[in-house]
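J.: Would you be able to build a 3D model of this:
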Amino acid sequence: MTIHFDREKLFSDANVAILATVDSKNRPHGMPIWYIYQDGTFVMSASGTSQKVRNIQRSGNATLIIDRRETPYHAAMIRGRAEIGPAPDDAWRLKLAVRY
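T.: Numbers count the residues shown, from 1 in each chain. Got it, this is the predicted structure:
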């Protein structure tokens with residue numbers, strides 16, 4: 001049985017995601033994270049010294065899991081390459097805080 005749902009809505013709603021990376025000892029590392037979905041891209045913010053940032057800098061691989069924890073339940077897993085960009089400005093941080 002296939003269940004169809006609106007992924008764009010799932011991504012656009014204020015669901016807390018789990019960002020999974022792999023550490024230097026090849027162990028999984030998953031942490032909850034806030035995000036903004038814009039123009040087909042997931043944008044997040046994290047401390048430059050965090051484990052997830054170090055893992056992304058080393059391998060670039062990441063998995064993002066977004067799930068809706070209310071009925072109707074839905075989830076999506078996005079696997080791919082992650083990039084570390086410039087630090088967000090105050091306007092972006094405010095947008096993220098208001099979203100959540």
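
J.: in stretch 26-34, what counts as buried?
T.: 29, 33-34 (16 or more other C-beta atoms under 10 Å). (Glycine included, C-beta is placed from N, CA and C.)

J.: Next: stretch 6-17.
T.: In stretch 6-17, counting by 16+ other C-beta under 10 Å, buried: 10-11, 15, 17.

J.: now do stretch 76-84
T.: Buried residues in stretch 76-84 (16+ other C-beta under 10 Å): Ala82.

J.: thinking again about what came up before, so of the buried residues of stretch 26-34, which ones are in helices?
T.: Judged by DSSP state H, the subset of these located in helices is empty.

J.: Return the member of these nearest to Ser59.
T.: For the buried residues of stretch 26-34, the minimum distance to Ser59 (C-beta to C-beta) is 11.1 Å, reached by His29.

J.: Report the separation between that closest one and Asn55.
T.: 6 Å (C-beta to C-beta, to the nearest Å).

J.: do the same with Ser12
T.: 27 Å.

J.: Same check on Ile36?
T.: 21 Å.

J.: between these two, which one's more packed in?
T.: Asn55 (22 against 18; other C-beta atoms under 10 Å).

J.: can you give me the helices for the protein?
T.: Using DSSP H, helices in the chain cover 7-12, 51-59, 90-99.

J.: elements contacting the last one?
T.: The contact analysis (3 or more C-beta pairs under 8 Å, 6 or more residues apart in numbering; DSSP states H and E) places helix 90-99 against strand 36-38.

J.: The same query, at a cut-off of 6 Å, please.
T.: In this structure, helix 90-99 makes packing contacts with no helix or strand, judged by 3 or more C-beta pairs under 6 Å, 6 or more residues apart in numbering; DSSP states H and E.
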